[in-house]
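need coordinates for the below:
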Amino acid sequence: MDRDVHIGDRCKVQNGALVYHGFTLEGGVFVGPGAMLLNDKYPRAINPDGTLKSDVDWEVSAGSVGYGATIGGGAIVLPGVRIGTMAIVGSGAVVTRDVPERGIVAGNPARLRGFACDCGHAIHQEGSGGAYACATCGRTYSLPVQESARL
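Below is the predicted model of the structure:
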């Protein structure tokens, strides 16, 4: 864990996870083993004049992980990315852009594959609106149409 990382209550950060300063983890976040949450969009060891970079020579691109979200083992979250509330990032995914609330993303680059229930299972759309339901626990959700249309 780097300095200036903000970790909410009831989070679980597994072995070998790297969370760099500028990241905020809201409550109940899970970060799997070997996951990396990065903070530098333009990494260089030296300045253009060849001098060694110091803290004042670069700008942190802060990122955040919303309440209850899951970052799978070995996933990489690039600088400045926001992972939404209760979202799931699949193991090994490379997240290059924001993930919507409850979004399930996987792959390299990570793409939206569906939406997640509080219980962690995928929810499925009911009809043509933004209504979703979980076949596992029965919870229902109403997602904004613009998010559900991205699938």
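
what's the single longest strand in this protein?
The residue-count maximum for a strand in the chain (DSSP state E) belongs to strand 111-116.

sheet partners, orientation included, of that one?
Paired neighbours of strand 111-116 in the sheet (DSSP bridges): strand 103-106 (antiparallel), strand 122-125 (antiparallel).

lowest average pLDDT across these?
Across those, strand 122-125 has the smallest mean pLDDT, namely a mean of 94.

buried residues in it, which are they?
Counting neighbours by 16 or more other C-beta atoms under 10 Å, one finds that the buried residues in strand 122-125 are 122-123, 125. Where you see a C-beta, it was placed from the backbone N, CA and C, and this is true even at glycine.

okay, and the helix or strand of the chain with the least pLDDT?
Ranked by mean pLDDT, DSSP states H and E, the weakest helix or strand in the chain is helix 145-148, scoring a mean of 53.

ok, Arg3 touching His21?
Yes - Arg3 lies in contact with His21 (C-beta atoms under 8 Å); the separation is 5.1 Å.

okay, these two: which has more neighbours?
More crowded of Arg3 and His21, by other C-beta atoms under 10 Å: His21, with 14 against 7.

now the nearest residue to that one once chain neighbours are set aside: how far from Tyr20?
Among residues not flanking His21 along the chain, Asp4 sits closest, at 3.8 Å (C-beta to C-beta, 6 or more residues apart in numbering). The gap separating Asp4 from Tyr20 is 9 Å, by C-beta to C-beta, to the nearest Å.

okay, the two: which has more neighbours?
Taking neighbours as other C-beta under 10 Å, Asp4 and Tyr20 compare with Tyr20 leading, 21 against 13.

quick one, what contacts that one?
Counting by C-beta atoms under 8 Å, 6 or more residues apart in numbering, Tyr20 touches 2, 5, 37-40.
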